[in-house]
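*Asks:* Need a 3D model of the sequence below.
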Amino acid sequence: MLVIGLMSLSSAQADAPPGWPEGAGWVELIDVGYIDSGPEAGNWEYVYDVYGGSDTWFKTVALYFDATQMINKFTVEGEYYPYLHMWAARAAGKGEVMGSGWLDPDYWPSNWKPNPATFQFEWMVNDSPWGLENTWHLGSEYGQNDTPEHVWYPEYWNENVLQFDNKNALRSSLWMTEGLSMTVRVVHPYAPGDMDYFTSGHSGTILGPVMNPGGRLGDFDLDGDIDADDIDALGAAIQAGSTDLEFDMDGDGDVDADDFNMHVTTLVDTALGEGTGTAFGDFNLDGLVGILDLGLLGDGYNTTAGWANGDANGDGAVGILDLGLLGDNYGYDGSTIPEPATMSLLALGAVALIRRKK
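*Replies:* Predicted coordinates for the structure are as follows:
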C-alpha cells in the first residue's frame with residue numbers, strides 16, 4: 001500500500017494538549033494520507049492514538065464522522081457490531097490480569113509476541129483476513145500503568161448513531177490504561193475535515209478538536225455535492241497559494257492546476273450523475289459544452305466571476321483565456337465520446353460573444 005500526500009504528526013506524544021483538563025484522556029491524530037494503490041486505493045487513511053489520563057480514564061470515547069462508509073470494517077462471528085484495525089495495551093501483552101482474550105485473532109489484527117527467530121518482542125500479524133502490522137508503535141509504548149484498575153477492558157467499536165454535526169459517531173465504551181492506550185486505523189472515502197472527538201469519564205464530558213473524514217473529496221463546503229461553489233473554492237485556494245491538504249485532490253502534497261483539472265474532470269457532479277466529471281467550459285454542469293455555456297460566459301465576460309458565470313480556469317475573472325477553454329471543448333457531450341471542437345465553432349462562439357457584449 002502506498003500512501004501519498006501523507007501528513008505525519010507526532011507518534012509518541014505523552015503530554016495532554018495545552019489547556020486540557022488535568023487528568024483527562026485525549027485523542028491525537030498521528031497520520032493521515034491518501035491511499036494511491038492496493039486494495040484500499042482511492043480512500044484516505046487516518047490513524048489515531050488514544051491516551052488515558054494520569055488520574056482518570058475514559059468510559060466512552062467517540063470520533064465524529066460518517067462511520068457507515070468505513071472501508072476497513074470486519075465482522076467477527078457472533079458479534080453484532082463490526083471491528084476495525086486497532087492495537088491496544090492488551091494486544092501488546094499488557095493487562096493480562098484481565099484475561100487472555102487479547103490473544104484471540106478474531107479481535108486483534110496483530111499481537112506483541114516474541115519472535116522465535118530473534119527472541120525479540122515484535123508485532124506478529126494474525127492469520128485472520130484483516131490482520132495488519134502496527135507500524136506506528138512498539139508494544140512497549142502501550143499501557144504505562146499495568147495495575148488492574150488502570151487496564152483497558154476491551155469492547156468493540158461500533159456504529160451507534162450519535163447525532164453531532166449531522167454525522168454518525170464511531171464510538172467505544174471502554175476503560176483505558178494510563179498513557180498510550182490504543183491506536184485506531186480508519187480507512188474512509190471522505191477527505192479530511194475538521195470534526196470533534198468526545199470523551200466521557202470521571203473527568204466529565206469533554207469535546208476536543210481532531211481531523212476526521214469530513215466529506216466527499218472535493219466537497220469543500222460539506223453540503224453533499226460537488227458543484228460550482230466547490231470549483232470556485234479550489235480556484236481561490238490555488239490563487240492564494242494555499243498548502244492546505246484539503247485542496248490536494250491528487251494527493252501529491254501540493255495544491256496546483258493539476259488538482260483543479262482533477263476536480264473538474266473527474267470529481268464534479270453534473271446532470272449526468274454524481275462524480276461524473278465534465279469538461280472545461282461546462283458552466284451549467286449539465287454534462288455538455290455548448291451554446292448555453294457560451295451565453296453564461298458572454299454574460300460574465302470582463303467581470304470578476306466564478307465558474308457558473310464563465311470562469312473556466314479558476315482565476316476569479318472571465319476573459320479570453322476562458323473563451324479559449326470553452327472553444328477547445330465546444331461540442332463536448334459527457335454521455336458520449338467527445339469530439340474536439342473545430343476552429344469554425346470557436347470562431348462562431350467568439351463572434352456571438354462580441355455581439356452580445358456590444
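
*Asks:* Please state the backbone phi and psi of residue 273?
*Replies:* phi 150, psi 170 (degrees, to the nearest 10).

*Asks:* same question, the one 5 residues further on
*Replies:* Taking degrees, to the nearest 10, you get phi -150, psi -170 for the backbone angles of residue 278.

*Asks:* what do you get for residue 46?
*Replies:* In terms of degrees, to the nearest 10, the main-chain angles of residue 46 are phi -120, psi 130.

*Asks:* For it, give the beta-bridge partners.
*Replies:* Counting by DSSP bridges, residue 46 is bridged to residue 32, residue 186.

*Asks:* can you list the weak-confidence ranges in the stretch 51-200 of the chain?
*Replies:* Low-confidence segments of the stretch 51-200 of the chain (pLDDT under 70): 55-59, 78-81, 90, 94-105, 144-177, 194-195.

*Asks:* The stretch 251-358 of the chain too?
*Replies:* 337-358.

*Asks:* the helices in it, which residues?
*Replies:* For the stretch 251-358 of the chain, applying DSSP state H, counting those that start in this stretch gives helices covering 257-262, 291-300, 320-329, 343-357.

*Asks:* what's the offset of the shortest one from the middle of its chain?
*Replies:* Going back to what we said before, that points to helix 257-262. Chain-centre distance of helix 257-262: 18 Å, with CA atoms, centre = their mean, to the nearest Å.

*Asks:* Check the second one too.
*Replies:* Remark: helix 291-300 is offset 36 Å from the chain centroid, using CA atoms, centre = their mean.

*Asks:* Just want the angle from that helix to helix 320-329.
*Replies:* 170 degrees (axes from the mean of the first three to the mean of the last three CA atoms, to 10 degrees).

*Asks:* got the buried residues for helix 291-300?
*Replies:* If you call a residue buried by 16 or more other CB atoms under 10 Å, then helix 291-300 has these buried ones: 293-300. Where you see a C-beta, it was placed from the backbone N, CA and C, and this is true even at glycine.

*Asks:* what's the answer for the shortest one, then?
*Replies:* Within helix 257-262, the residues that qualify as buried by neighbour count (16+ other CB under 10 Å) are 259-260, 262.

*Asks:* Which elements pack onto that helix?
*Replies:* Counting contacts by 3 or more CB pairs under 8 Å, 6 or more residues apart in numbering; DSSP states H and E, helix 257-262 packs against helix 228-239.

*Asks:* in the helix it packs on, what counts as buried?
*Replies:* 228, 230-238.

*Asks:* That one - contacts with which helices or strands?
*Replies:* helix 257-262.

*Asks:* Pull the residues that contact the helix it packs on.
*Replies:* By CB atoms under 8 Å, 6 or more residues apart in numbering, the surrounding residues in contact with helix 257-262 are 231, 234-235, 238, 247-250, 252, 313-314.

*Asks:* Quick one: the buried residues of helix 228-239 as a markdown table, columns for pLDDT too.
*Replies:* Output for these, formatted as a markdown table (pLDDT from 0 to 100):
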| residue | pLDDT |
| --- | --- |
| 228 | 97 |
| 230 | 96 |
| 231 | 97 |
| 232 | 97 |
| 233 | 96 |
| 234 | 97 |
| 235 | 97 |
| 236 | 96 |
| 237 | 95 |
| 238 | 96 |
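
*Asks:* of all the residues you listed, which comes closest to residue 278?
*Replies:* Closest approach to residue 278 among the buried residues of helix 228-239 (CB to CB): residue 231, at 10.0 Å.

*Asks:* Report the central residue of the protein.
*Replies:* residue 191 (2.8 Å; CA atoms, centre = their mean).

*Asks:* residues in contact with that one?
*Replies:* Each residue near residue 191 by CB under 8 Å, 6+ apart is listed here: 44, 213-219, 246.

*Asks:* Assign a three-state SS to it, would you?
*Replies:* The three-state assignment at residue 191 reads strand, by DSSP: H, G, I helix; E, B strand; the rest coil.

*Asks:* For residue 274, which non-adjacent residue is spatially closest?
*Replies:* residue 225 (7.5 Å; CB to CB, 6 or more residues apart in numbering).

*Asks:* again with residue 115
*Replies:* residue 122 is the one closest to residue 115 (CB to CB, 6+ apart), at 4.7 Å.

*Asks:* Could you list every helix and strand that the helix or strand containing that neighbour packs against?
*Replies:* For residue 122, the host element (DSSP states H and E) is strand 121-125. In this structure, strand 121-125 makes packing contacts with strand 110-114, judged by 3+ CB pairs under 8 Å, 6+ apart.
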